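[1] Sequence first, predicted model second:
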Amino acid sequence: MDCVRIGGGAGFAGDRFEPAEALARDGELDDLVLECLAERTIALGQQRRLADPSAGYDPRLVARFERLLPLCAARGIRVITNMGAANPLAAGRVTADLAGRLGLGLTVAVVTGDDVLDRIDPSAPALETGRPLAAHGELVSANAYLGAEQIMPALETGAHVVLTGRVADPSLFTAPLAQRLGWDLRDASAMAAGTVAGHLLECAGQLTGGYFADPGRKDVPGLAELGFPYADVTADGDVEVSKLPGTGGLVSRATVREQLLYEVTDPAAYPTPDVTLDLREVTVAETGPDRVAVRGAVGRARPEKFKVSVGYRAGWRAEAGISYAGPGARARAELAGDVVLRRLAGTRVRADVLGAEGSPECRLRIAASAADRAAAEVVCHEVEALYTNGPAGGGGVRTAVTEVIGIVSTLIDRDRVEPAVTVIGGHACG
Amino acid sequence: MLHEVAHCRAGDKGDTSILSLFPFDDRHFADLEREVTTERVREHLAGQVRGEVVRYVLPKLCALQFRCRQALDGGVTTSLALDTHGKGMSSRLLAMEIELSG
């Protein structure tokens, strides 16, 4: 192929379905990518899987696929997604079952091997803190960010749906681009272009005016009907991004530049499993209505090791609030905060009073971290006790206690990771 | 105020906040480069950013990028802040007062 059209149909697990449906229906796409795995999501998935071995994949997988797979199947659009999360094989079985129920003869390929909990060194220092991994708390997950090279064999089975666990977000795009455009995965220039396209599309609506609007300064038309983006990528590495006519939002030099540098810790050397990306020579130019060309990304050799995201038990979080209204509301909320902080002396706790000075109502919000659930509940009880042990007129106490999974990083040699592909359902169509 | 001439997006990686700053009009890029220095950003965000601030200048993109360490109370999973991702840091940066030339 000379040119591939690839769409960004989800930017996080909680993303909307409707813009992805529009892309699948009217976008004339070759591939639709659904990026649904945030840094901490996989650790929470691992917890669900520990409680139930059939769980651990994206909880909205079935709901999202029920709406998208019929559209994609009818138009021959391949779907690539990391909704496998902590249990890609279970996700694959559920997807194949769903396709069967929907009367779609789809083949599903599952990429596994990112789970490296049994092969990391717990005494190795975390990249962020320098302290041994295990010193942070009981380790519950370790997932390597796999790249295009590990996704490629799944694409080569001819599957209609490719499900992964942890992979680098741009790799969800570089793999299908490389496969369709005939790129060599070790061609750093090609992978730089593909990584730029993937990095722009991976947050879906963040490219098309979502997360951008600032009324009066940055107006976004039709934000309620925000459309999702696609990219046209040529074999030569030209990238143009756009969105469907008639959808809300905008694709402009401003939205593209914001997304291009989003979460990039070093614009001269941004590492992914596929390439080390240098964005210093990139140019961004509007070439038509809601259409922007991005050129000039430079690629250098990919990193020698995979990054591994490690989840650990980091204790519990308590969060509780109470409201005060009328004259002196803010002073009473602040007094309530002082009272709770005194009663919880020795705890890692903070108090915030929400609501501007002079506003008719304000709310005290208490947040604390605790070693165990019981200690977190003590914090909530102290806020609830403000009803009859605090300032006048407090009401509307709400409390929440949640377990905290912390995340730190380490590195692992590529040859210590054993990726595999499992094909489920139907026959591959090559 | 920076908000009148520039826009900004915040991203997070662990306990690090990454702020990208762009002028609405490319002619103001030199003003931003002169005024929004590493030192001024560190001072402006002093209540939140406890670690190193590094500035990258990207003339081809007309962009400044700031990497702020120890900015997110330990990071999104363990932070006790209201905005655990520190997304609001982009708007806080735009509250900085700067001088425009000409």
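    Nice, thanks for sending it over.
[2] From now on I want contacts and neighbour counts done on CA atoms only, so please keep to that.
    Will do.
[3] Which residues belonging to whatever helix or strand A:R332 lives in are considered buried?
    According to DSSP states H and E, A:R332 maps onto helix A:329-343. Using 16 or more other Cα atoms under 10 Å in any protein chain shown as the test for burial, helix A:329-343 gives A:329-330, A:332-334, A:336-337, A:339-341.
[4] Among the residues you listed, find me the one that's closest to A:Y145.
    Checking those against A:Y145 with Cα to Cα, the nearest one is A:L341 at 41.2 Å.
[5] Touching, that closest one and A:L335? I think so.
    No: A:L341 lies out of contact with A:L335 (Cα atoms under 8 Å); the separation is 9.9 Å.
[6] what packs against the helix holding A:R332?
    strand A:305-325, strand A:348-354, strand A:361-370, helix A:373-384 (3 or more Cα pairs under 8 Å, 6 or more residues apart in numbering or on different chains; DSSP states H and E).
[7] With the flanking residues excluded, which residue is spatially nearest to B:V54?
    B:R67 (5.1 Å; Cα to Cα, 6 or more residues apart in numbering or on different chains).
[8] shouldn't that neighbour be in contact with B:I18?
    Yes: B:R67 lies in contact with B:I18 (Cα under 8 Å); the separation is 4.7 Å.
[9] Those two: which is more packed in?
    Taking other Cα atoms under 10 Å in any protein chain shown, B:R67 and B:I18 do not tie; B:I18 has more neighbours (28 against 25).
[10] Work out the gap between the helix or strand the more buried one falls within and the centre of the chain.
    For B:I18, the enclosing helix or strand under DSSP H and E is strand B:16-23. Centre-to-centre, strand B:16-23 and its host chain are 4 Å apart (Cα atoms, centre = their mean, to the nearest Å).
[11] again, but for stretch A:303-313
    16 Å.
[12] Get me the contact residues on chain A for chain B.
    A:40, A:128, A:217, A:254, A:257-258, A:261-267, A:280-284, A:314, A:349-350, A:367-369, A:404-408 (Cα under 8 Å from any Cα of the partner chain).
[13] Let's see which of these end up in helices.
    The helices, defined by DSSP state H, take in A:254, A:257-258 from the residues of chain A next to chain B.
[14] In terms of distance to A:M83, which of these ranks first?
    Checking these against A:M83 by Cα to Cα gives A:E258 as the nearest, at 25.8 Å.
[15] And for the closest one, the neighbour number?
    25.
[16] same check, this time on A:P215
    Neighbourhood size, A:P215 [other Cα under 10 Å]: 8.
[17] now do the one 5 residues further on
    Neighbourhood size, A:V220 [other Cα under 10 Å]: 21.
[18] what's the next secondary structure element after the lowest-mean-pLDDT helix or strand in chain A?
    Lowest on mean pLDDT, DSSP states H and E among the helices and strands of chain A sits helix A:41-51, with a mean of 86. Using DSSP H and E, the helix or strand that follows helix A:41-51 towards the C-terminus is helix A:61-75.
[19] buried stuff in that following helix?
    Going by neighbour count (16+ other Cα under 10 Å), the buried part of helix A:61-75 is A:61-62, A:64-66, A:68-73, A:75.
[20] tell me the contacts of A:P327?
    The neighbourhood of A:P327, defined by Cα atoms under 8 Å, 6 or more residues apart in numbering or on different chains, consists of A:P360.
[21] so which strand or helix has it?
    Following DSSP H and E, there is no helix or strand that holds A:P327.
[22] How many neighbouring residues does residue 44 have?
    In the absence of a named chain, this looks at chain A. 20.
[23] Correction: the question concerned chain B.
    Neighbours around B:H44, by other Cα under 10 Å: 17.
[24] That one is in contact with B:L94, isn't it?
    No: using Cα under 8 Å, B:H44 is not in contact with B:L94, being 10.0 Å away.
[25] picking that back up, among the residues of chain A next to chain B, the buried ones, what's the PyMOL command?
    A single PyMOL command is used to select the members of these judged buried by 16+ other Cα under 10 Å:
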select buried, chain A and resi 40+254+257+258+261+262+263+264+265+266+267+280+282+283+284+314+349+350+367+368+369+404+405+406+407+408
